[in-house]
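Asker: I'll drop the sequence and a predicted model, then ask my questions.
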Amino acid sequence: MHEYEVVFARSARKELERLGEPLLSRILKRIETLALTPRPDGCRKLQGASDLWRIRVGDYRVLYAVDDAKQIVDVIAVRNRRDAYR
């Protein structure tokens, strides 16, 4: 199995910078696992979006797109669940 490259949108990078430890470490570990398994158990495809997925990390949601042809996981947002789908 080939590894996917994980890239971050500028907005997702800023959202991560606002988080404190140990939450930041937990979320980054989960995001790193997406390189090996872009659609892990428990991930959900977002309705109304052609290629958006989400994983849960506690009260936070990581929203991302997967490009299988280019083998890229594009992290779009990292938000608290109450703000994730707005």
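Answerer: Received it, and whenever you're ready, just let me know what you need.
Asker: quick check: pLDDT value at Glu15.
Answerer: Among the per-residue scores, Glu15 shows a pLDDT of 94.
Asker: tell me who's in contact with it.
Answerer: Residues in contact with Glu15 (C-beta atoms under 8 Å, 6 or more residues apart in numbering) are Ala77, Val78, Arg79. To be clear about C-beta, it is placed using only N, CA and C from the backbone, and glycine gets the same treatment.
Asker: Gln47: which of those residues is nearest?
Answerer: Using C-beta to C-beta, Ala77 comes nearest to Gln47 of the contacts of Glu15, at 16.0 Å.
Asker: the closest one sits in which helix or strand?
Answerer: Assigned by DSSP states H and E, Ala77 falls within strand 72-80.
Asker: which strands and helices lie in contact with that strand?
Answerer: Packing contacts for strand 72-80, counted by 3 or more C-beta pairs under 8 Å, 6 or more residues apart in numbering; DSSP states H and E, involve strand 5-8, helix 10-17, strand 60-67.
Asker: relative to Ser25, which of the contacts of Glu15 is nearest.
Answerer: Nearest to Ser25 among the contacts of Glu15: Val78, at 12.9 Å, using C-beta to C-beta.
Asker: ok, the residue nearest to that closest one when sequence neighbours are not counted to Asp68 distance?
Answerer: Sequence neighbours aside, Glu15 is the residue nearest to Val78 in space, at 4.6 Å (criterion: C-beta to C-beta, 6 or more residues apart in numbering). Look at Glu15 and Asp68: by C-beta to C-beta, to the nearest Å, they are 25 Å apart.
Asker: thinking again about what came up before, nearest to Arg30, of the helices and strands packed on strand 72-80?
Answerer: strand 60-67 (6.7 Å).
Asker: quick one: distance of that closest one to the chain centre.
Answerer: The chain centre lies 3 Å from the centre of strand 60-67; the measure is C-alpha atoms, centre = their mean, to the nearest Å.
Asker: much appreciated, bye for now.
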